[in-house]
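J.: Here is the input, now give the coordinates:
(one chain, ligands or ions: 1)
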Amino acid sequence: QPPIVSSIIPFVGCFIQFAKNPLALVRRSYDQHGDIFTLSLMGFKMTFLLGPEAQSVFFRGSDSQLSPKEAYRFVTPVFGKGVVYDSETEVMYEQLRFVKDGLVLSQLKKAVGIISEEANTYFEEKWGDAGEIDLLYEMNKLTILTASRCLMGKAINKALGRSSELADLYHELEEGLNPISFFFPNLPLPSFAKRDRARAQVAKIFHSIIKDRRQSNDETDDVLYTLMNSKYKDGSVLEDEQIVGLMIGLLFAGQHTSSITLTYTIFYLLNNQQTYMKETQADIQRIIQQEYNGEINYEGLKKMNRLETVVREVLRMHPPLIFLMRKVMEPMKYKDFDIPAGHILAVSPQVGMRLESVYKNPQQFDPKRFDQGGEADQSLPFSFLAFGGGKHGCPGENFGILQIKTIWTVLSQKYNLEVGPVPPTDFTSLVAGPKGPCMVKYSRKH
Ligand code: HEM
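T.: Numbering: from 1, shown residues only. Down below sits the predicted model:
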């Protein structure tokens, strides 16, 4: 069996160190034991695989051997019953297929127009000419608007009325899913009760949108339309409850991950004025302004290579999902080690992408490593982990990156920003982002 990281307290094991600073513990254990080791946490055995070779075992495993469902069941209070990880494996695959069908290229192309329109309106209405804001909070509010409009059309703005309501409800959903909920999903915590109330309210709003769509015979071709018209292999359609759960799950998966990455991207760009900021803005001028006459579109954004490499480097250094997990269903082997059924198998994008053996000078922000022909092109498969990999790799990768690029393009053409140094990361929440508040001064460009 893999080496067990020693601890003095039986049962509790390394839990206290893990809860305080999980990444330091994982990194220390890697330095001591190498690419596979087990942490004992409140009776759970969590076996970590680190480095591309070990990580490939995680991503190449079949679902019957390495189950994401069994590891992620704790999200059910948010996603809902019968949705993705709470459904039979075959049904889960089909639901994930519907999601992928909803995020095809034609949808992404439309999304750029929607996102830039929403972002423009948001800045005009909320920001005005000058002021100071908490960037992370603002990007959260904005991305939930842009993403929900892309998923279910203008009806969401009408249904919400007040633009911050959905963001507030989502905040409560997120507060109710912290790392503790993985170990104790049913504790009677106040944040869990709040989470359940928030879920019921979000579900009510989404149900009303589905009902309106049906009654008005609206055939707007978006993700909601795709879900409403998808059929399982047996010919049945999704129940409304499942559609609602998938929409909640998609927004949940995509919102904080994107807004955190966007916030860090802005901090890194502004902290690298003479290099990456200059290059990125020159690209906006050359591509968006000159080539496309100021129109922000999919083709133009795709050509903005420097911005893309900045976003990828931000994701390497600050992946919002710091641990990915599967439950071992059948005993398996890695090198000479037997991993027994029942262990939770984990990879850590945060630790794994800062290994010196994988990326040179891993603590240094260097987007050029993602240039064509650069260092990252020669790296082994499963070196870049921010979007996971294998059959459960993120289906929202292109959408997420496009959303970040679009919002930055709108924002940076409108305002000058003044920011402090890049904030440290808060690792206590399930989705790890900059420690707030992230105060930023802005003034309109003339
Ligand atoms: C910067 C933004 C994003 C990051 C860093 C990110 C990261 C990830 C990662 C690491 C996984 C793999 C989880 C695992 O293997 O256990 C994942 C899965 C997933 N993501 Fe994303 N994501 C982002 C944006 C989005 C967006 C915008 C959407 C939807 C529109 C989305 C939907 C999903 C879904 C549905 C899954 C589950 C896939 C499966 O289990 O097969 N993500 N994401």
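J.: When you work out contacts or count neighbours from here on, use the C-alpha atoms and nothing else.
T.: OK.
J.: tell me the mean pLDDT over the helix or strand containing residue 282?
T.: Here residue 282, judged by DSSP states H and E, is contained in helix 278-283. Mean per-residue pLDDT for helix 278-283: 97.
J.: cool, stretch 398-414 as well?
T.: 97.
J.: in that stretch, what counts as buried?
T.: 399-412, 414 (16 or more other Cα atoms under 10 Å).
J.: packing partners for the helix holding residue 282?
T.: helix 305-317 (3 or more Cα pairs under 8 Å, 6 or more residues apart in numbering; DSSP states H and E).
J.: Report the contact partners of the residue nearest the centre of the chain.
T.: The centroid of the chain falls nearest to residue 257 when counting by Cα atoms, centre = their mean (3.0 Å). Going by Cα atoms under 8 Å, 6 or more residues apart in numbering, residue 257 touches 320-321, 431.
J.: Need the three-state assignment for it.
T.: Following DSSP: H, G, I helix; E, B strand; the rest coil, the label given to residue 257 is helix.
J.: Give me the below-cutoff pLDDT ranges for the stretch 101-250 of the chain.
T.: 158-164, 179 (pLDDT under 70).
J.: hey, where'd the strands end up in it?
T.: With DSSP state E, counting those that start in this stretch, the ranges of strands along the stretch 101-250 of the chain come out as 130-134.
J.: tell me which parts of it are close to the ligand?
T.: Within the stretch 101-250 of the chain, the residues that sit near the ligand (Cα under 6 Å from any ligand atom) are residue 250.
J.: Now for the residue of the stretch 101-250 of the chain found nearest the ligand, how many residues are close by?
T.: Going by Cα to the nearest ligand atom, the ligand is nearest to residue 250 of the stretch 101-250 of the chain, at 4.7 Å. Residues near residue 250, counting by other Cα atoms under 10 Å, number 18.
J.: Quick check: it vs residue 285, distance?
T.: 33 Å (Cα to Cα, to the nearest Å).
J.: Next, count neighbours for residue 145.
T.: With other Cα under 10 Å as criterion, residue 145 counts 23.
J.: got the residues of the stretch 301-446 of the chain near the ligand?
T.: 319-321, 324-325, 386-388, 392-397, 399-400.
J.: of all these, which two lie farthest apart?
T.: 325 and 399 (23.3 Å; Cα to Cα).
J.: sorry, back to before: from the contacts of residue 257, which one has the minimum pLDDT?
T.: residue 431 (87).
J.: That one against residue 254, yeah?
T.: No. Contact criterion Cα atoms under 8 Å: residue 431 and residue 254 do not qualify, at 10.7 Å.
J.: Number of residues surrounding the residue of the stretch 201-350 of the chain found nearest the ligand?
T.: The nearest approach of the stretch 201-350 of the chain to the ligand comes at residue 254, 3.4 Å away (Cα to the nearest ligand atom). Residue 254 has 20 neighbours, counted by other Cα under 10 Å.
J.: and it, what is it in contact with?
T.: 147, 396, 400.
J.: so is whatever residue of the stretch 1-150 of the chain ends up closest to the ligand in a helix, a strand, or just coil?
T.: As assessed by Cα to the nearest ligand atom, the ligand sits closest to residue 96 within the stretch 1-150 of the chain, at 6.1 Å. At residue 96 the chain is in helix, as set by three-state DSSP.
J.: Got the confidence number for it?
T.: Note on residue 96: pLDDT of 92.
J.: Would you agree it is in contact with residue 85?
T.: No. The pair residue 96 / residue 85 is not scored as a contact, 10.2 Å apart, by Cα under 8 Å.
J.: Look at the two and report which has more neighbours.
T.: residue 85 (23 against 17).
J.: Leaving out the residues flanking it, which one is nearest to that one?
T.: In this structure, residue 85 finds its nearest non-sequential neighbour in residue 69, 4.5 Å apart by Cα to Cα, 6 or more residues apart in numbering.
J.: Look at that neighbour and say how many residues are nearby.
T.: Residue 69, neighbours per other Cα under 10 Å, totals 21.
J.: go on, residue 114?
T.: Neighbours of residue 114 under the rule other Cα under 10 Å: 20.
J.: For it, give its distance to residue 249.
T.: Counting by Cα to Cα, the gap from residue 114 to residue 249 is 21 Å.
J.: How about residues contacting the helix holding residue 282?
T.: When contacts are defined by Cα under 8 Å, 6+ apart, helix 278-283 is touched by residues 304, 306-307.
J.: contacting residues around residue 146?
T.: 114-115, 118-119.
J.: out of those, which is most surrounded?
T.: residue 115 (25 neighbours).
J.: Setting the sequence-adjacent residues aside, check what's closest to it.
T.: Once flanking residues are discounted, residue 115 sits nearest to residue 146: 5.2 Å by Cα to Cα, 6+ apart.
J.: likewise residue 379?
T.: Counting by Cα to Cα, 6+ apart, the residue nearest residue 379 is residue 358, at 7.1 Å.
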